[in-house]
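> sharing a model that was predicted from the sequence below.
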Amino acid sequence: MTVPGAVLAPHAEEGPTATGHGTQGIDTALLGMMLFIGSEIMFFSGLFAAYFNVRGSTSEWPPAGVDFIQPVPLPLIVTAILVLSSITMQWGVWRIRAGDRRGLVRALVVTVALGVIFLFLQVYDYYVLVVDDDFGIDSGVYGTLFYTLTGFHGAHVFGGVVGMSVILMRAMQGQFSARHHIAVEAVSAYWHFVDVVWIALFATIYLLQ
């Protein structure tokens, strides 16, 4: 008989040798996240394919009348922020694997904060491009592709921040341990995916001329 609320109860403290997940093989939650990431890889592959298809069929890129978006300073700054957030997220995974719950909480706080900063700076970048540079989603095919690619990625970053916030609240309640932290691993995998996608976007949109 299952005791009500047992799933949400904090795990007991464990010794340094209590590592692993307590299960054999891959956990279904982690497998579900891997399958979801696989579908997202196909989604972004379609967006990248559309970008390169349009670029390859256009004699001049960017099209006449549209200036190339410079990678510095703001795009480079937000790239560094997202890469740093991926490092702090992985640090949190390492800490909970070692049974360090406080370390996990601290890493999640920093990672969530960096994710929010990234979103804020992306919105600010949009504002500057639209207001100061008169470059919007209606600025030809170049503008449409730019805002579609970066906008969908921003939506995924927002989803990642929400997911990490939920994990953070659970971590503050002591719901993760060295043996039980699959949810942390799953969210970490998603956040690393978001980071890799942005690096590919940065190279494609800002560096390839």
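Nice, I can see it.
> C-alpha only now, for contacts and for neighbours.
Will do.
> which other residues reach stretch 120-128?
74, 78, 154 (Cα atoms under 8 Å, 6 or more residues apart in numbering).
> now it: buried residues?
Buried positions in stretch 120-128, judged by neighbour count with 16 or more other Cα atoms under 10 Å: 121-122, 126.
> sort out for me which of those residues are in helices.
121-122, 126 (DSSP state H).
> re the thing from before, now render the buried residues of stretch 120-128 as TSV, adding distance to residue 144.
Shown next, in TSV, are these (distance: Cα to Cα, whole Å):
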residue	distance to residue 144
121	20
122	16
126	13
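> only alpha carbons, please: show stretch 59-72 as CSV.
C-alpha atoms of stretch 59-72 as CSV (Å, rounded to 0.1, in the frame of the first residue of the first chain):
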residue,chain,number,x,y,z
SER,A,59,22.8,35.1,-55.0
GLU,A,60,23.5,37.8,-52.3
TRP,A,61,23.4,37.1,-48.6
PRO,A,62,22.1,38.9,-46.7
PRO,A,63,19.7,40.2,-49.4
ALA,A,64,20.3,43.7,-50.7
GLY,A,65,19.1,46.4,-48.3
VAL,A,66,19.7,44.4,-45.2
ASP,A,67,22.8,44.7,-43.1
PHE,A,68,24.6,41.6,-41.7
ILE,A,69,23.9,41.2,-38.0
GLN,A,70,27.1,41.7,-36.1
PRO,A,71,28.2,39.0,-33.6
VAL,A,72,29.6,41.5,-31.1
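> which stretches of this structure have low pLDDT?
Filtered on pLDDT under 70, the chain yields the residue ranges 1-25, 209.
> and the longest helix along the chain, how far out from the chain's middle?
The helix that spans the most residues within the chain, counting by DSSP H, is helix 140-172. Relative to the centre of its chain, helix 140-172 is centred 7 Å away, using Cα atoms, centre = their mean, to the nearest Å.
> show me what secondary structure element comes after it.
helix 182-201 (DSSP states H and E).
> and the direction of that next one versus that of helix 140-172, what angle?
160 degrees (axes from the mean of the first three to the mean of the last three Cα atoms, to 10 degrees).
> by contact count, what packs against helix 182-201?
Contacts defined by 3 or more Cα pairs under 8 Å, 6 or more residues apart in numbering; DSSP states H and E place helix 182-201 against helix 28-56, helix 74-97, helix 140-172.
> do you know how far residue 145 is from residue 73?
Distance from residue 145 to residue 73, counting by Cα to Cα, to the nearest Å: 21 Å.
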